[in-house]
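**Q** I would like to see how this sequence folds:
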Amino acid sequence: MEGRKDVIIHAQDITKDYRIGKSTLRVLNGVNLEIYKGEVLIILGPSGAGKSTLLHILGLLDTPTSGDVIYRGENLSKLSSRQQAERRNLHFGFVFQFYHLLPDFTALENVMMPRLIGQKASSQLNGKTGREKAIEILDTVGLKERTLHRPDQLSGGERQRVAFARALVNDPDVLFCDEPTGNLDTKNAREIQDLILRLNASNDQTFIIVTHDENFAGLGKRQIRMVDGRIVGQSTTVPQKGEG
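**A** Okay, the predicted model is just below:
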């Protein structure tokens, strides 16, 4: 019998404090979480619950006040800033509510950007150049005919798909998505949800998705709920090998 999938990220006793004048605001309060290879994990909760802060710490975009983030057995919290940046570029991808595309560059150039600024800039990835890989991924997200369009020539849904393609260009193990449909209408939001499920099924990539949209909850096989910097509820379903 096949067992559970491997833990890919383990958050241990994560706290995050912010100084406001002479006061301290605690945004995360001792969060513990295991994330499994190949799962779609949904993090739900109201605004101010600490969802995005947790996502940023897991993805090395922010540092915890205390606690550790362990990726594939390596304690990332103990690494230098340069080493963390290397791990982030090699293994993680990010999609946000706001697309953060460079307005003067085409969709193709935006997608290629992580390859140009990272260690893989001068190397091939799976036998493909950066340009070939970017075109392939734009085709995967349904934008093969829009490769030479700039962001202002694309719809909101198309811009978000470019953002997904950019996040995917280095074949990351984990994609961190912060309100990825927050700026989209119902139709485009459904298309992005379908894209996430398709990518997860075909590539066995892990998706960690922050949202306050309850309609998004059914997208993943596991959901956790946060309130006031704590995990207050969590499903007991753990993805098994072979599940889509």
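**Q** Outside of the host helix or strand of residue 163 itself, list whatever touches it.
**A** Using DSSP states H and E, residue 163 sits within helix 156-168. Helix 156-168 is contacted from outside by 93-96, 99-101, 107, 110-111, 113-114, 134, 137-138, 140-143, 146, 151, 154, 175, 180-181, 183-185, 187-188, 191-192, 195, 199, using CB atoms under 8 Å, 6 or more residues apart in numbering. For every residue, glycine as well, the C-beta is placed using N, CA and C.
**Q** Now list the buried members of the residues you listed.
**A** Among the contacts of helix 156-168, those scoring as buried are 93-96, 99, 101, 107, 110-111, 113-114, 134, 137-138, 140-141, 143, 146, 151, 154, 175, 180-181, 183-184, 188, 191-192, 195, 199 (criterion: 16 or more other CB atoms under 10 Å).
**Q** if you look at the residues you listed, which of them are in strands?
**A** Of the buried ones among the contacts of helix 156-168, the ones assigned to strands by DSSP state E are 93, 94, 95, 96, 175.
**Q** now the residue nearest the centre of the chain: how far from residue 94?
**A** In the chain, the C-alpha nearest the mean C-alpha coordinate belongs to residue 176, at 1.1 Å (CA atoms, centre = their mean). Going from residue 176 to residue 94 by CB to CB, to the nearest Å gives 5 Å.
**Q** so what sits against both of these two?
**A** Taking CB under 8 Å, 6+ apart as the criterion, residue 176 and residue 94 both touch residue 59.
**Q** And the average pLDDT for the top helix by length along the chain is what?
**A** In terms of residue count, the longest helix belonging to the chain (DSSP state H) is helix 186-203. Averaging pLDDT along helix 186-203 gives 87.
**Q** quick one: that helix to chain centroid distance?
**A** 14 Å (CA atoms, centre = their mean, to the nearest Å).
**Q** Alpha carbons of the next helix or strand after that helix, as CSV, please.
**A** For helix 186-203, the succeeding helix or strand toward the C-terminus, using DSSP H and E, is strand 206-211. Extracted in CSV, the C-alpha atoms of strand 206-211 (Å, rounded to 0.1, in the frame of the first residue of the first chain):
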residue,chain,number,x,y,z
THR,A,206,2.4,22.0,-4.5
PHE,A,207,0.0,25.0,-4.3
ILE,A,208,-0.5,27.0,-1.2
ILE,A,209,-3.3,29.4,-1.7
VAL,A,210,-4.4,32.3,0.6
THR,A,211,-7.9,33.6,0.2
